[in-house]
Structures are given as structure tokens and as C-alpha cells.
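Coordinates only, no sequence provided:
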Ligand SMILES: *Cc1c(COP(=O)(O)O)cnc(C)c1O
């Protein structure tokens, strides 16, 4: 096959895969997983034909994928991939741009700039902010927290970029006790030391208790949460942020999926006051349904981010808004392109509708499961439904039966020291009939976890 035939073959296979996401097993069958040993071959001395390589990937790989790009996947907050985002990604792969600077790719630079502008509009965050398109909320959060630290220290007259941390005034980091594990990771990588981080007490919904917040000052980095990973709940931004700002603290918000509530008029109230923070992170690859991997760091003071992320060299200097001067990556893919495409094709209304629909579907599941005798542990303010069976054994059994069903999939968690499962609505492909199918399955299995076998 020549290059064009090869790409057409890959496209045909890709199209065939996507066409089947409705009917594929959501989690691969054991035999498909066992067949993955087919990849275990010696590195060929002489290269193998390209078409054979693509065929092998498809024949062995496709049946062993997790079909999160489908309507029946309710695990984590994964999201599917919007057709326009997938298409834009395909074209940008053909372009193969190194989107570090405007010189590297005028096209990518212009599109990502536009994506950044729209993003600030749709999320209604300060329009002067820098938007950095990185690989993940983890990496983008790390960049934003690095900017926060440099800025707090600069205000004390300490140049962390030049002089490092030895002898620097200590920055006190405060997080909700329920903070996401990747915030912990970013803080650890930055050298904050998890044991020194102050975990603020949270209520039974995972939200910081404002009256138990530790004292804050101009050396404080406060990290809040939009969308707790189990309950989908939000910290009380309107109450907490003005207090933190008055004390001189830097406020960062982890909104990996929850920040998108701001795009939906009915849910926007959950984010009231969030615009007062200094920096925010959110993902494209979760709730916006853009391809993996793509996320954003948003920083009110563009220079604060540019100062810590600058990677200008004699042979490669660029403006402070060049993406290589805002993200961890130097050579990079233009991750803002599928985000631009998604925003352009959904429009403000389309984003709001998708987010709202998922919230309504989550509420429906919550109501139906409660009525069927399951214990629904959260208020379902967003797209997460946190559930238990009649007892811990039942919960584990329900989880196993759903995961093995092949028709739906969601994951387990531990909530307040006991097992639970988490149903997340975040695929644009999930229609009400898929929700009904999941509810039917859980009805059959029942809160005791003993109904499934008999019915099969
Ligand atoms: C998923 C998630 C993250 C991490 O995002 P990645 O893009 O996977 O790195 C951070 N915080 C919350 C609340 C999340 O749900």
C-alpha cells in the first residue's frame, strides 16, 4: 500500500470502529484481552509491512478497547469524542505541526488563540487570562500551581525562578481534605511535600467547611474544587474566595470537569464567585468530549504563568503568549484545535445543552435507583451519582455484575470508608434510552445484588 491507501485503510477501520460503538461490549471480553498476547512478538530485524501493522492493531486492539467513546460507558468522568473534534484532530495529525510558537505554525497559533478566547467566554472567566493548552488537568494544574508559588514568593521579594526554594519563605498550601489525587501529585512534584499541605476539613458532600478554614495570609496558596470527584459538589467560592483574597492568598480552582457547569445557565449558580480566583484548570477530554489528551490552565495574570513556563532560547524566542511559554511542553501538538472545533460546532447553546442533559440524566438515574431501594449517597447536583447497594457485599456484587455485563460500565469507589459505585454522565452519545437500559440492568440486579443471575 502506498501512503494514501494506508491512510484510507486506517480511516476505514476507524470509521468502522466508531460506527459500532453502540453495539460493542463496553468492557472487553476475557478472550479479547487474552488475545493481546499476540502483540508479544520479537522486534523485527527487518520492518514489517505498514498495512499489516495497522491490521494487527485493529484485529487485536479494537476488540480489547474499553468503549468509552460510546453511549454506555459511565465510568470515571471520561467523556466520548465529538465527531467534529475527532475530525479536526485527524486533519491536524496530517498537518503534524509543532505548535510551540507562531513561527512553528501560524495556523495552529491562530486557532488556539481563538479557542482560548472562546473558552474564557463560555466559562465566563476574566477575559484577560492566559489559556494554556496542555496534556491534562494534572499537568495544567502543576503549571498553574508553579505560577502561584512564584507569584506569592515574588510578592515577598523572593525570586524562585532564579534562586529556587532553599531559604525561601514557606508557602502554606491549603486544600480540601477531599482534593483530587492529581492535585496531590502536582504539589508533591513541585516539592511542597504532602505531609506539610494543610487539609481543610470538609462536610459530608466533600466541600470545605468555610468556618473551619485555617488562617490565611499572603503566603497562602488555597486550592478549591469545582466538581468533587465522587459527589460532583462545589466549594463555596463566593464565601471563601473574597476572604482568601483579602488575606493576600492565591486561589486556584481545580475544575477538571466541574468548571463546565458554568456554561449551563441552570447549573451556573454552583460556580458563583469562582471568577474571583487567580487560576483555574479544566479538561477538554472529559466533559467537553474532545479527544485524549487535552486540558487547559487558565491564569488571570498571563505574565505570572509566562514567567515560570518561559522556554525561550536564542534559536526559539517568542511572545509570552506562545503556547511553549505557557505549558510544560516545548515541542507540542496543538491540543487547542479539537477544543476550538468542539466549541465552534456546539456553540454556547450546544455546550449548555450537553451539560444540562447530563445533569438531568444523572438526576433520573438517582431518582430511579432510590425508588428501587438503592442508597443514593449524593444530591446529584451535577453529573455524578454515588450509590450503594443494601450492604457492602451487595455493592461489590452489583459492581461486578455491571462491569461483566458488557452492556454498561461504571467504576467503584470508597466513600466515607465504605465501598460505593459512581455513575458518571459525560458522553455526548448517551441518550435517554441508554440511561433507561442502565436503570433496567440495575433493577434486575437489585439492591441486594442477587437478582442478576436468576434473570439471565
Ligand atoms: C480527572 C480529574 C483531575 C485530573 O485530570 P487529568 O486530565 O486526568 O489529569 C483533576 N481533578 C479532578 C476533580 C478530576 O476529576
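That came in fine, so what should we check first? Values in this document were obtained by computation on a predicted structure and should not be read as measured data.

Skip the chain neighbours and tell me the closest residue to residue 242.
residue 276 (6.4 Å; Cβ to Cβ, 6 or more residues apart in numbering). (C-beta placed from N, C-alpha, C; glycine too.)

make that residue 78, sorry
residue 68 (4.3 Å).

which residues touch the one you found?
75, 78-80, 427 (Cβ atoms under 8 Å, 6 or more residues apart in numbering).

ok, for residue 54, nearest residue in space, not its chain neighbours?
residue 10 (5.3 Å).

Now residue 420: which helix or strand?
Using DSSP states H and E, residue 420 maps to strand 418-424.

actually residue 361, not the one I typed
With DSSP H and E as the criterion, residue 361 is inside helix 336-371.

Check which helices and strands the next helix or strand after that helix sits against.
Sequence order places strand 375-376 as the next helix or strand after helix 336-371, per DSSP H and E. The contact analysis (3 or more Cβ pairs under 8 Å, 6 or more residues apart in numbering; DSSP states H and E) places strand 375-376 against helix 336-371, strand 384-388.

So which of those is the most surrounded?
strand 384-388 (a mean of 26; mean count of other Cβ atoms under 10 Å).

report the angle between the axes of that strand and helix 336-371?
Strand 384-388 runs at 40 degrees relative to helix 336-371, counting by axes from the mean of the first three to the mean of the last three Cα atoms, to 10 degrees.

my read is residue 221 is in a strand, agree?
Yes - counting by DSSP: H, G, I helix; E, B strand; the rest coil, residue 221 is part of a strand.

need the residues of the protein near the ligand, please.
By Cβ under 6 Å from any ligand atom, the residues of the chain that approach the ligand are 77, 136-138, 180, 182, 227, 229, 254, 256-257, 283, 295.

neighbour-wise, which of those leads?
With neighbours taken as other Cβ atoms under 10 Å, the top of these is residue 254, carrying 32 neighbours.

List the contacts of residue 330.
Neighbours of residue 330 in contact, by Cβ under 8 Å, 6+ apart: 100, 311, 324.

Might one say that the second one is in contact with residue 325?
Yes - under the criterion of Cβ atoms under 8 Å, residue 311 lies in contact with residue 325, with a separation of 6.2 Å.

More neighbours: which of those two?
Counted by other Cβ under 10 Å, residue 311 and residue 325 do not tie: residue 325 has more neighbours, with 24 against 17.

give the contact list for that one.
Residue 325 touches 306, 309-312, 318-319, counting by Cβ under 8 Å, 6+ apart.

what does residue 438 give?
With Cβ under 8 Å, 6+ apart, residue 438 has these contacts: 72, 74, 365, 408, 423.

most surrounded residue in those residues?
Neighbour-wise, the contacts of residue 438 (other Cβ under 10 Å) top out at residue 74, 31 neighbours.

wouldn't that one be in contact with residue 425 here?
Yes - with contact defined as Cβ under 8 Å, residue 74 and residue 425 form a contacting pair (6.9 Å).

Quickly list the domain ranges of the protein.
3-68, 87-342 (automatic domain parsing).

of all those domains, which gets the most neighbours per residue?
domain 87-342 (a mean of 20).

Of the contacts of residue 325, which belong to helices?
Those of these mapping onto helices are 306, 309, per DSSP state H.

Please consider this matter closed, and thank you.
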